[in-house]
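>>> would you be able to build a 3D model of this:
(chains A and B)
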Amino acid sequence: DGGITQSPKYLFRKEGQNVTLSCEQNLNHDAMYWYRQDPGQGLRLIYYSQIVNDFQKGDIAEGYSVSREKKESFPLTVTSAQKNPTAFYLCASSTGQEINYEQYFGPGTRLTVT
Amino acid sequence: AQSVTQLDSHVSVSEGTPVLLRCNYSSSYSPSLFWYVQHPNKGLQLLLKYTSAATLVKGINGFEAEFKKSETSFHLTKPSAHMSDAAEYFCVVSDRGGATNKLIFGTGTLLAVQP
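Coordinates of the predicted model:
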């Protein structure tokens, strides 16, 4: 089955610790994205990557970092600099750069930091 | 810049009655528009998309949406609600301001279906 996997589904961390969220896709998509979802706010773009070894900041990149060393993988690190990291994180991918290409989403990771 | 407004944060319908979820968009260009659905603690699933072809777009699970340029609207409808339709729905517009496939999400409409 082709798709996007995110692991783990639930993640708990202590404040001050960095944490890495996994995102893997086997759809052979060039572009990948990370979103953060908070209640009543829709989805906000954290980082995106259009091609391997390249990525761009989204609207709320502060306190986050990413890498894109392989086409199928786009891990997100939530650093201790992120002031409010507790949220639902969604990874997505799309076939390319065309603006009418829909994005396909993974099942999400719910991060709780205490 | 592109933006999208979902006019209702919550909608409640009875099973078997019509569904209407409202969305207005703002765009300087001819937009691409999408509706996604999200069930609790799940990822988003594409329901349908408009990309400047037919203005009436049919999607999965009996949903459809009509692009009305004069009203800058892209409302989502379904003739008869089913219990399984209870979920959150997002109206989305593509960002034609840049060179990338960035999507701009509305704040969502939570649909409740009463038995």
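>>> from here on, contacts and neighbour counts on C-alpha atoms
Noted.
>>> can you pull the residues of chain B lying near chain A?
B:32, B:34, B:41-46, B:49, B:51, B:90, B:94-96, B:99-102, B:105-108 (CA under 8 Å from any CA of the partner chain).
>>> and the residue nearest to B:T5 when sequence neighbours are not counted, what does it touch?
The shortest distance from B:T5 to any non-neighbouring residue, by CA to CA, 6 or more residues apart in numbering or on different chains, is to B:N24 (5.2 Å). Under the criterion of CA atoms under 8 Å, 6 or more residues apart in numbering or on different chains, the contact list for B:N24 reads B:V4, B:T5, B:Q6, B:L7, B:E71, B:T72, B:S73, B:F74, B:H75.
>>> 6 Å instead?
Applying CA atoms under 6 Å, 6 or more residues apart in numbering or on different chains, we find B:N24 in contact with B:V4, B:T5, B:T72, B:S73.
>>> TSV for those, including pLDDT, secondary structure and neighbour count?
What follows is those, written out as TSV (pLDDT from 0 to 100; DSSP: H, G, I helix; E, B strand; the rest coil; neighbours: other CA atoms under 10 Å in any protein chain shown):
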residue	pLDDT	secondary structure	neighbour count
B:V4	93	strand	23
B:T5	95	strand	18
B:T72	93	coil	14
B:S73	96	strand	20
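>>> I'd like those laid out as TSV, including distance to A:R13.
Below are these laid out as TSV (distance: CA to CA, whole Å):
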residue	distance to A:R13
B:V4	34
B:T5	34
B:T72	44
B:S73	42
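>>> quick one on the thing from earlier: how close does the residue nearest to B:T5 get to B:V11?
Distance from B:N24 to B:V11, counting by CA to CA, to the nearest Å: 16 Å.
>>> cool, and A:Y33?
30 Å.
>>> specify the beta-bridge partners of the residue nearest to the spatial centre of chain A.
The structure's chain A has its C-alpha centroid closest to A:W34; by CA atoms, centre = their mean the separation is 2.7 Å. A:W34 has the following beta-bridge partners by DSSP bridges: A:Y47, A:C91.
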